[in-house]
Structure formats: structure tokens, C-alpha cells
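[1] sequence first, predicted model second:
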Amino acid sequence: MPVQVRSIEIKNRAQALEEIAAVGADQAGCRLMALKAVHRVLKISGLTPVQANILKQEMLAKGGEAAVARGVVDHAVDKTDVLLMGTLKQFNALLAKLKLQPFGLSALAEEIRRVLQHLEGRTARRLSCRGKELVLGERTLVMGILNVTPDSFSDGGRFSDPSRALEHAHRLVEDGADIIDLGGESTRPGYTPVTVEEEMRRVIPVLEKLVQEIPVPISVDTTKAAVAREALEIGAHIINDQWALRADPEMAAVVARYDAPVILMHNQEGTEYKDLMGDIIRFFRESIALALEAGICRDKIIIDPGIGFGKTVEQNLEVMSRLSELDCLGLPVLLGTSRKSMIGKTLDLPVDQRVEGTAATVAIGIAAGVDIVRVHDVREMVRVARMTDAMVRRKPARCACGEG
């Protein structure tokens, strides 16, 4: 048999252990070499030249690398980004040294450690939803969209009547929906904002029926604390906030008071970014801090990159291609691409002919680690999710070295 050379992809330490054990290495060797088989590149923003110089020298000494701005060496710049490149073994050695350093580097070491831990992957866990429960991480969950608005871009006006809305919710569950997302205010481009009273008039009668008859958790899509409070009082299970606790200063306290899971969606006015993914992740860190400060448990936070909100088509496509970068936050991710204009403009298709484009985004999202997909076409997307799960959520065989 001729010698063959090929590449393999190693995503985390568990996979490294599995591959090294498969070669036939002994158990001690597996554990030693696994840390050398996983390579990470981290981007750190806003460091001073002093911090960056120490970081670079320490990483070079460990055999890794650190890219900094040209003006760092002679302090010609005030701040710099740093790209840290190395194996887990090199990062571990770096962190041990940074913990002994001044200039805020000990705290930086702890943040790097947290990010590296998050990149090892999220384990399956149960999410308590105020009397109901979801399992995150075993398979992709499908959230069915139920808009009770007259002007939503896809289904506006179809389910304003509570009886029709309830009938549609039953159909979504029969098609495989794990969650129903109820919304009373359109957020399409050019939408007309509604008052608290009008949003409640649309949402509450429907919600009262849903919580009595629908067996899956009900999420309420709102940015208004008063609507969220009334919905949670009636029995809603999740709050889906398209402004990530920023539109209404009372929202975080309301979510915390009712101990509800919350979906924080990235959003902004305009489409200007300094660093698209860096800015989005910074936005999430700020909203997560708001949530934690208000008393919301971190285990109850889900993030949504907000495809179609505050982004051009090209920016939406870039976010889709870089979804796995959200892993650094260590939180479950919801993806809402269903029938969005990104799909319509890419394929030049009207809103009622975007199911295949939506399927492509759902598949690529799951491959990038998304936990929940928010869709209109539940039956079709459940099939896409199950097929994609079968490929990307395969459980690794237990490692011969006894780990994994």
C-alpha cells in the first residue's frame, strides 16, 4: 500500500484525543499531544502598547505568535488589536505567565481562559422555561413564527383573529415546532411602530389561548417591558427582545423578576461597523452585562445575530459565513433567516418563493453551531434540521485513552 498524506480537521481537545488514540498512541501520550493538536487564533482589541509588547514576547517564547500594530514597539500608537496564534499547550503556558504580570494582564488571562473554554464546545443541557423545558444541544430546536400583525413582511394580517392564530399554532406544533414565537409588532423595513396598548390588544388574547392549549413553550417577541410583564403574568415562557434589553430600560428587570429565558438579538441603527463580528460580539457582551446586573441567570440567555437587522445584504452574508465566531461567548445561538430579504435579493425571488434559500441558511447555521432556528415553514425546516443534525451532531466514539 503506497504512503498516503492527507489532512484532518481538529476542532477541539476531545476530537484531538480521539484522533491521537486512533493512531495507537498510549494514554499518557494522548493527553500530552492533544493540547498540541488544537490550534486557536484569538483577536484581542484595545490593548496598550505595553500590554501588547508583553503579550507578544511571552507568546513568542512559548513558540506561538502574536500580530500587533507596527507602532507598538516604539509606542507610536495608543491602542492596538492583537492576533494571538498558538496551540492549546502554548496558550496554557502563556496564561500561567500572564497571571503573574501587572498592567491588567492577569484579568486578561482569565478572559482568554474563558474564551478558550467556550471554544471547546457547548454540552447538552436543559433550559427551564417557567414550567416547561427545552433541551439545548442534543438536536436543533425549531421555533415556529406566529405573527399577529397586519403588516409583517411575510404573513401580515393572516392570523390577527385569535381563533385562526390558535389553529395555526396547533399546525406548527404538528409540523414539529419546539417553540412558538408570538409577535404583535412588525419589524420589517419601514414598519410603523405601535403603542404598548395596541401591541397588547394584538398579543394578549392570542397568548391566553396559546398557553392553555399549546404544549410547547411560547415565546413573546417584544421590546416593551409592559408587554413582556403582561405576557409573563399570563404564562408566556420566553421573551424574545429584538433590541437585547436596550429599547426599554425596564425590560431586564421584568425578565429577571419572572425568571424567564431571554433571547438577545443584535440590532443597531444604520449599517456602519468598525469590525463587523467584533462589533456584534461587543454588543452582546454589553447586553449580557445588562442582563446579569439585573439578575438574569446566564444559563437563561440565548443570543441571535439579527440577520436582516442593521446590516446590508453583504453584511448579512458575511455574518452567516462567520457564525461560529459567536462560540467565544459560550451561549446558545438562535438564527432567524426565514424568508428574509437577504435570501430574496440573493436569489431574486419574492417572499413566497424563498423556502429553498431559507433551507440553505438553516443548514449552514446548524453546521456552524446554531441551537435554534426561527422559521415560517416549520415542516420543511424540521426535515432540513434533522438531516443536518444527522451529519454535524454525530457523537464521537469514546476515546481509547479513556477520555472524550
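    In hand now; what should we look at?

[2] buried stuff in stretch 115-129?
    For stretch 115-129, the neighbour count (16 or more other CB atoms under 10 Å) marks V115, L116, L119, E120, L127, C129 as buried. Yep, even glycine has a C-beta here, placed from its N, CA and C like the rest.

[3] which stretches of the protein form helices?
    Using DSSP state H, the helices of the chain run over 13-23, 27-37, 49-61, 88-98, 105-119, 162-174, 196-213, 225-234, 251-257, 276-294, 313-321, 341-347, 355-367, 378-392.

[4] give me the contacts around the fourth one.
    Applying CB atoms under 8 Å, 6 or more residues apart in numbering, the set of residues contacting helix 88-98 from outside is 13, 34-36, 38, 40, 55, 58-59, 62-64, 84, 86, 105-106, 108-109, 112-113, 116.

[5] which of those count as buried?
    13, 34-35, 38, 40, 55, 58-59, 62, 64, 84, 86, 105, 108-109, 112, 116.

[6] using PDB, list the CA coordinates for stretch 324-337.
    What follows is stretch 324-337, C-alpha atoms only, in PDB (Å, rounded to 0.1, in the frame of the first residue of the first chain):
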ATOM      1  CA  SER A 324     -19.100  30.100  14.500                       C
ATOM      2  CA  GLU A 325     -17.200  33.100  15.900                       C
ATOM      3  CA  LEU A 326     -20.100  33.600  18.300                       C
ATOM      4  CA  ASP A 327     -18.900  30.500  20.100                       C
ATOM      5  CA  CYS A 328     -16.500  32.600  22.000                       C
ATOM      6  CA  LEU A 329     -19.400  33.800  24.200                       C
ATOM      7  CA  GLY A 330     -20.400  30.200  25.200                       C
ATOM      8  CA  LEU A 331     -24.100  30.800  24.800                       C
ATOM      9  CA  PRO A 332     -26.800  29.100  22.700                       C
ATOM     10  CA  VAL A 333     -27.500  30.700  19.400                       C
ATOM     11  CA  LEU A 334     -30.800  31.400  17.700                       C
ATOM     12  CA  LEU A 335     -30.800  32.100  13.900                       C
ATOM     13  CA  GLY A 336     -33.700  33.900  12.200                       C
ATOM     14  CA  THR A 337     -33.300  33.900   8.500                       C
END
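
[7] so where's the stretch 251-400 of the chain uncertain?
    Low-confidence segments of the stretch 251-400 of the chain (pLDDT under 70): 395-400.

[8] center of this protein, which residue is that?
    What sits nearest the mean C-alpha location of the chain, by CA atoms, centre = their mean, is V333, with 2.6 Å.

[9] ramachandran angles for the closest residue to that one other than its chain neighbours?
    Excluding its sequence neighbours, the residue lying closest to V333 (CB to CB, 6 or more residues apart in numbering) is V370, at 4.9 Å. Per-residue torsions, V370: phi -70, psi 140 (degrees, to the nearest 10).

[10] let me know how buried V370 is, in neighbour terms.
    V370: 26 surrounding residues under other CB atoms under 10 Å.

[11] what do you get for A363?
    Neighbour tally, A363, other CB under 10 Å: 20.

[12] contacts only, for it.
    Listed by CB under 8 Å, 6+ apart, the contact set of A363 reads V384, M387, T388.

[13] pLDDT and distance to G310 for the buried residues of stretch 115-129 - can I get that in CSV?
    Formatted as CSV, those follow (pLDDT from 0 to 100; distance: CB to CB, whole Å):
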residue, pLDDT, distance to G310
V115, 98, 25
L116, 97, 30
L119, 97, 26
E120, 95, 31
L127, 97, 27
C129, 97, 28
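
[14] widest-spaced pair of those?
    Largest separation among those by CB to CB: L116 and C129, giving 30.1 Å.

[15] domains in this structure, as residue ranges please.
    38-119, 125-393 (the TED database).

[16] tally up the residues packed near the residue lying closest to L290 once chain neighbours are set aside, please.
    Ranked by CB to CB, 6+ apart and with sequence neighbours excluded, the top spatial neighbour of L290 is L245, at 4.9 Å. Counted by other CB under 10 Å, the residues lying close to L245 total 28.

[17] V262 versus L245, what's the distance?
    7 Å (CB to CB, to the nearest Å).

[18] joint contacts of the two?
    With CB under 8 Å, 6+ apart as the test, L245 and V262 both reach V255, A291.

[19] for A228, which residues are in contact?
    So A228 contacts V220, T222, A236, I239, D241, M251, V254, V255 (CB under 8 Å, 6+ apart).

[20] R379 too?
    Counting by CB under 8 Å, 6+ apart, R379 has contacts D175, G176.

[21] quick check: it vs V216, distance?
    R379 is 15 Å from V216, by CB to CB.

[22] before we move on, what about D348?
    Note on D348: its distance to V216, by CB to CB, is 35 Å.

[23] so which of the two has more stuff around it?
    V216 (22 against 7).

[24] averaged pLDDT, stretch 102-114. What do you get?
    The average pLDDT for stretch 102-114 rounds to 96.

[25] nearest spatial neighbour of A368, chain-adjacent residues omitted?
    Closest to A368 by CB to CB, 6+ apart is L323, at 3.8 Å.

[26] so where's the stretch 101-250 of the chain shaky on pLDDT?
    Within the stretch 101-250 of the chain, the ranges that satisfy pLDDT under 70 run 151-157, 159, 189-190.
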